[in-house]
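Asker: have a look; sequence and predicted model below, questions after that.
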Amino acid sequence: MEELQIKGVDTLIISLVVLYVGNLLTRRVGFLEKYSIPQAVTGGLICSLITLAVVSFGGPKITFDLQLRDVLLLAFFTTIGLSAKFARLKAGGKPLAILVICAGVFLVVQNGTGVLLALALGEHPGYGLFAGSVSFAGGHGTAIAWGQEAEAAGLPDAGLIGIAFATFGLVAGGVIGGPIGERLIKKHNLSPGGAAGDQPMMEKKDAPEEPLEPVTMQRTLTTVFIFAVCISLGEAVNRIFFGAGVKLPGFLTAMLVGIIITNLADVFKKEIRQHDFDKVGEVTLQLFLAMSLMSMDLNSLADAMGIVLFVLLIQVFVITFFAAFIVFRLMGRTYDAAVICAGFTGLGLGATPVAIANMNAITAKYGPSFKAFLVVPLVGAFFIDLLNAIIIKFFIGLPVMQQEIAAVGVTWMAG
């Protein structure tokens, strides 16, 4: 099959068009606005469907150069780190601990569901982990990494199955998170700063905005310089850890450097204009999601469509129930709790950027939630990957996983 590769700059231009189209449709289509579907999800899906149609009608397979996407992810998590002042981290306290426990319990439930589905469909239970937290909560990186291990152990097509689940989980996490948050807010009549809705640390929706200051060359250069330092030092720290045999995701070390810089700035009474970094973070997040979704190779996943959609439907039901009836209640039944549920859904089915996009869509409509934007990124960045690795190891050690591996896996990919 002929292949057409879209280079880096062209990929960026197309992603901007994707965001513009997504934003336009969100404003014009009542369903999308009503349920707070992120614009990157709308535009990205349309683009991936167009590339699928091109291949279906005999055109070339379109692929995108995604190196810039990885840099955007680093930049986004740098903004998360730069907003993580220790004074704010203290405020996370009990809600953060509760959400970490919820995440751990959910990962067990998600994997248990996946293993039961695999056994019910006559497959080796090892595939159930790929229908669970390996692909959904873990995302593409975890699915690829564990897929290589599983294939080496004799589970054919494990990596491809994992990528299929991770891809559709990313979409589902961005589609259902907003509606879940919307439903909880309307059902319980919640609002930011309202009696039922929040804590004193919340910023009021109608609070007066800070006076605008001119964007000077020095201010812009300072912002770019801090970004460059965080990403560069983060990469250097990653190399040091890798040399010591410790593998850490690049976004985590970039975020850690951001945390150190912002708190050192406080100690030395140096001002970091948070508003500048927040805006950059919002743009990089939307571009990252747009590039991720528009580059989905739906054609190669077509054979797995049936089984993937069935498993996805079950896992969507599980996380919806868990978020609405467990997370929402344990987090206090407040407006914050509803926003956290929208983020938790993105976290459990897609990735941290999807969780942030869901929360952005909700808060842009109803008002800010400091607590949600504090605890969800912390759980996504610091805790969920560690918990996931421990829980996956636990499931691998179960007796049911030790059964003989037969020539299975092909039926999953055949749908």
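Answerer: Perfect, thanks for sending it. Residues are numbered from 1 along each chain as shown.
Asker: please count neighbours and contacts with C-alpha atoms only from this point.
Answerer: Will do.
Asker: skipping its backbone neighbours, what lies nearest Pro353 in space?
Answerer: Spatially, and ignoring its direct neighbours in sequence, Pro353 is nearest to Leu285 (6.4 Å; CA to CA, 6 or more residues apart in numbering).
Asker: oh sorry, the question was meant for Ile261
Answerer: The nearest residue in space to Ile261 (CA to CA, 6+ apart) is Leu82, at 7.1 Å.
Asker: tell me the phi and psi of that neighbour?
Answerer: Phi and psi for Leu82, reported as degrees, to the nearest 10, are phi -70, psi -20.
Asker: what's the neighbour count on it?
Answerer: The number of residues packed near Leu82 is 26, by other CA atoms under 10 Å.
Asker: and it, how far from Pro60?
Answerer: 43 Å (CA to CA, to the nearest Å).
Asker: same question, Leu155
Answerer: From Leu155 over to Pro60 (counting by CA to CA), the distance is 32 Å.
Asker: and these two? which has more neighbours close in?
Answerer: Leu155 (21 against 16).
Asker: nearest residue to the middle of this structure?
Answerer: Note on the chain: the residue nearest the mean C-alpha position is Ala351, at 2.1 Å, using CA atoms, centre = their mean.
Asker: Pro399 is in contact with Gly126, correct?
Answerer: No: judged on CA atoms under 8 Å, Gly126 makes no contact with Pro399 at a distance of 11.4 Å.
Asker: so where's the stretch 301-415 of the chain uncertain?
Answerer: 301-304, 381-382, 403-415 (pLDDT under 70).
Asker: any chance you could map the helices in it?
Answerer: 305-322, 328-330, 335-349, 352-366, 370-378, 384-396, 410-414 (DSSP state H, counting those that start in this stretch).
Asker: report the buried residues of the fourth one.
Answerer: Residues of helix 352-366 classed as buried: 352-363, 366 (neighbour count, 16 or more other CA atoms under 10 Å).
Asker: possible to save these as CSV with distance to Gly243?
Answerer: Converted to CSV, those look like this (distance: CA to CA, whole Å):
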residue, distance to Gly243
Thr352, 27
Pro353, 28
Val354, 31
Ala355, 32
Ile356, 32
Ala357, 34
Asn358, 37
Met359, 37
Asn360, 37
Ala361, 40
Ile362, 42
Thr363, 42
Tyr366, 47
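Asker: just to revisit the earlier point, so which of the helices of the stretch 301-415 of the chain gets nearest Gly30?
Answerer: helix 352-366 (13.6 Å; CA to CA).
Asker: which strands and helices sit next to that closest one?
Answerer: Here helix 352-366 touches helix 158-187, helix 274-294, helix 335-349, helix 370-378, going by 3 or more CA pairs under 8 Å, 6 or more residues apart in numbering; DSSP states H and E.
Asker: how about a cut-off of 10 Å?
Answerer: helix 30-34, helix 39-56, helix 67-82, helix 158-187, helix 274-294, helix 335-349, helix 370-378 (3 or more CA pairs under 10 Å, 6 or more residues apart in numbering; DSSP states H and E).
Asker: next, the angle from the longest one to helix 39-56.
Answerer: In this case it means helix 158-187. 140 degrees (axes from the mean of the first three to the mean of the last three CA atoms, to 10 degrees).
Asker: what's the spacing between helix 158-187 and its chain's center?
Answerer: Centre-to-centre, helix 158-187 and its host chain are 9 Å apart (CA atoms, centre = their mean, to the nearest Å).
Asker: ok and the very next helix or strand once past it relative to helix 274-294, angle-wise?
Answerer: Next along the chain after helix 158-187, taking DSSP states H and E as the criterion, comes helix 217-243. Per the same axes, to 10 degrees, the angle that helix 217-243 makes with helix 274-294 is 60 degrees.
Asker: which one of the helices and strands packed on helix 352-366 is the most hemmed in?
Answerer: helix 335-349 (a mean of 32; mean count of other CA atoms under 10 Å).
Asker: quick one on the thing from earlier: make a markdown table from the helices and strands packed on helix 352-366 and add distance to Ala137 to it.
Answerer: A markdown table is the format used below for the helices and strands packed on helix 352-366 (distance: least, CA to CA, whole Å):
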| stretch | distance to Ala137 |
| --- | --- |
| helix 30-34 | 24 |
| helix 39-56 | 18 |
| helix 67-82 | 17 |
| helix 158-187 | 8 |
| helix 274-294 | 16 |
| helix 335-349 | 4 |
| helix 370-378 | 13 |
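Asker: least confident of these, on average?
Answerer: Here the lowest mean pLDDT among those goes to helix 30-34, at a mean of 74.
Asker: chain center to that helix, what's the gap?
Answerer: On CA atoms, centre = their mean, the centre of helix 30-34 falls 22 Å from the chain's centre.
Asker: what lies in contact with that helix?
Answerer: 22-23, 25-27, 36-39, 42, 175, 178-179, 182, 361, 365 (CA atoms under 10 Å, 6 or more residues apart in numbering).
Asker: does Gln5 belong to a helix, a strand or coil?
Answerer: strand (DSSP: H, G, I helix; E, B strand; the rest coil).
Asker: on the three-state scheme, the closest residue to it other than its chain neighbours is what?
Answerer: Spatially, and ignoring its direct neighbours in sequence, Gln5 is nearest to Thr63 (4.8 Å; CA to CA, 6+ apart). Three-state assignment for Thr63 (three-state DSSP): strand.
Asker: quick one: Thr63 and Asp10 touch, right?
Answerer: No: counting by CA atoms under 10 Å, Thr63 sits too far from Asp10 to count as a contact (11.5 Å).
Asker: more neighbours: those two, which one.
Answerer: Counted by other CA under 10 Å, Thr63 and Asp10 do not tie: Thr63 has more neighbours, with 17 against 13.
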